[in-house]
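J.: model the following, please.
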Amino acid sequence: IFVYGTLMAAPLLAWAIKGDSSKAGDVLSQRKPGTITGFERRRVHRRDYPALIRSNDTRTVDGYVIFPTSPSEWKKLDNYEGSSYERTPVVVDMADGSKLDASTYVWKGEAEALTDEDWVFEYFETERLD
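T.: As a prediction, this is how the structure comes out:
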């Protein structure tokens with residue numbers, strides 16, 4: 001599954017799928033960097049997480065492909081994302097030059113909840129993760 005927001009932070013990913021943020025080192029082997037095209041990552045008003053929406057151009061979004069190790073990890077990811085997101089198929093351009101069919105969570109919430117600003121992972125990681 002391609003993640004592009006808060007789950008890019010290893011401690012948060014570990015908390016979401018392992019139930020323990022101190023297992024961040026354990027989840028590093030379950031992710032690989034990649035990029036999707038035709039989407040943009042937007043800030044959600046008054047929230048620390050982003051929304052992924054389709055774009056009508058060749059914009060790209062960087063993130064990680066996560067390789068869940070069990071059906072329960074898939075379910076935990078679905079539960080983490082909640083009802084404002086819909087699992088959607090995408091093609092990921094992997095860092096090694098290959099392409100991979102995956103899924104991602106596309107925003108299906110209210111359009112008015114989104115800002116016109118890009119969501120920046122580095123800001124989230126340094127200023128909001130704790």
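
J.: can you pull out the strands in the chain?
T.: 2-3, 31-37, 39-44, 50-54, 60-66, 85-94, 99-107, 114-118 (DSSP state E).

J.: give me whichever of these is most buried.
T.: Comparing the strands of the chain by mean neighbour count (mean count of other Cβ atoms under 10 Å), strand 2-3 comes out on top with a mean of 24. For glycine as for every other residue, the C-beta is placed from the backbone atoms N, C-alpha and C.

J.: what is that one packed up against?
T.: strand 31-37, strand 60-66, strand 99-107 (3 or more Cβ pairs under 8 Å, 6 or more residues apart in numbering; DSSP states H and E).

J.: OK, contacts around residue 91?
T.: By Cβ atoms under 8 Å, 6 or more residues apart in numbering, the contact set of residue 91 is 36, 99, 100, 101, 102.

J.: list the contacts of the second one.
T.: So the one you mean is residue 99. 91, 92, 93.
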